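next one to model:
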Amino acid sequence: MKIDPRMARTRQALTEALLRLLDSTNLNSITVAGLCREAGVHRTTFYGHSPDVVSFAAALFVGELDSIARVDIDPARAGTPESISTAYAASLRQLLEHVATRRPVYRALFTSPVGSGFRVHLTERMRDRALTAMNSWSQQGIATAVDNESAAAFISGGLVGSIEYWSASNRTDAAAYAAAIADLMPGWWPRPTSL
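Residues are numbered from 1 along each chain as shown. Modelled structure (predicted):
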């Protein structure tokens, strides 16, 4: 599907404006009019992208977290289970570090009226990541008696709950928290060699 260049430029302008405003303004205080003024975009144009500022922010930040959490696994050349687990643990640490830099935004997203949608989309992305790992490990003979879909749903729910807790906390040691999450994974989940 080809993306209209004007739509892409408008979305980029709105994204940059939102990030600038978030440096000094609480997410729930940013209005559509204020965001559009900052971006140099007409309000009618904004509504072609999103129904409100919080929904726009939710889509933006789910995309950011998804990008950070991406772990490329080539099923034909998958590494050892431990190396895959280590890659996932490292991406989780990076994700937690990112959330810590924008804690007020993530707190607002998790607690806003659109928070359930934010959580659902984030859980879907995390479930896809867990399922990729599960499928790779099944091919290597690990956890073959486990239903991959159910396990991925379970793991993603726990991960998103842990991310929400992290965003609400004042903790600063992302590596220690990522290690604590790794320790909570099911016993058949290969342990990372490092974080």
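
can you show me the helices along the protein?
Under the criterion DSSP state H, the chain contains helices at 5-22, 32-39, 43-46, 53-69, 81-101, 103-111, 115-139, 148-168, 174-184.

could you dump the ones you listed into a markdown table with mean neighbour count added?
Backbone N, C-alpha and C define where each C-beta goes, glycine included. A markdown table is the format used below for those (neighbours: other C-beta atoms under 10 Å):
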| stretch | mean neighbour count |
| --- | --- |
| helix 5-22 | 15 |
| helix 32-39 | 17 |
| helix 43-46 | 14 |
| helix 53-69 | 19 |
| helix 81-101 | 19 |
| helix 103-111 | 19 |
| helix 115-139 | 18 |
| helix 148-168 | 18 |
| helix 174-184 | 16 |
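
relative to residue 193, which of the ones you listed is closest?
Across the helices of the chain, residue 193 has its closest neighbour in helix 81-101 (5.0 Å, C-beta to C-beta).

quick one: that closest one to helix 103-111, angle?
100 degrees (axes from the mean of the first three to the mean of the last three C-alpha atoms, to 10 degrees).

pull the CA atoms of helix 81-101 into PDB?
The C-alpha atoms that make up helix 81-101 are tabulated as PDB, following Å, rounded to 0.1, in the frame of the first residue of the first chain:
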ATOM      1  CA  PRO A  81      17.800 -20.500  22.500                       C
ATOM      2  CA  GLU A  82      19.900 -18.600  25.000                       C
ATOM      3  CA  SER A  83      21.100 -16.100  22.400                       C
ATOM      4  CA  ILE A  84      17.500 -15.500  21.300                       C
ATOM      5  CA  SER A  85      16.500 -15.100  24.900                       C
ATOM      6  CA  THR A  86      19.400 -12.700  25.400                       C
ATOM      7  CA  ALA A  87      18.300 -10.600  22.400                       C
ATOM      8  CA  TYR A  88      14.800 -10.400  23.800                       C
ATOM      9  CA  ALA A  89      16.100  -9.400  27.300                       C
ATOM     10  CA  ALA A  90      18.300  -6.700  25.800                       C
ATOM     11  CA  SER A  91      15.400  -5.300  23.800                       C
ATOM     12  CA  LEU A  92      13.300  -5.300  27.000                       C
ATOM     13  CA  ARG A  93      16.000  -3.400  28.800                       C
ATOM     14  CA  GLN A  94      16.100  -0.800  26.000                       C
ATOM     15  CA  LEU A  95      12.300  -0.500  26.000                       C
ATOM     16  CA  LEU A  96      12.300   0.100  29.800                       C
ATOM     17  CA  GLU A  97      15.000   2.700  29.400                       C
ATOM     18  CA  HIS A  98      12.900   4.400  26.700                       C
ATOM     19  CA  VAL A  99       9.800   4.300  28.900                       C
ATOM     20  CA  ALA A 100      11.800   5.900  31.800                       C
ATOM     21  CA  THR A 101      12.700   8.900  29.600                       C
END
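
so what secondary structure elements neighbour that helix?
When contacts are defined as 3 or more C-beta pairs under 8 Å, 6 or more residues apart in numbering; DSSP states H and E, helix 81-101 packs onto helix 53-69, helix 115-139, helix 148-168, helix 174-184.
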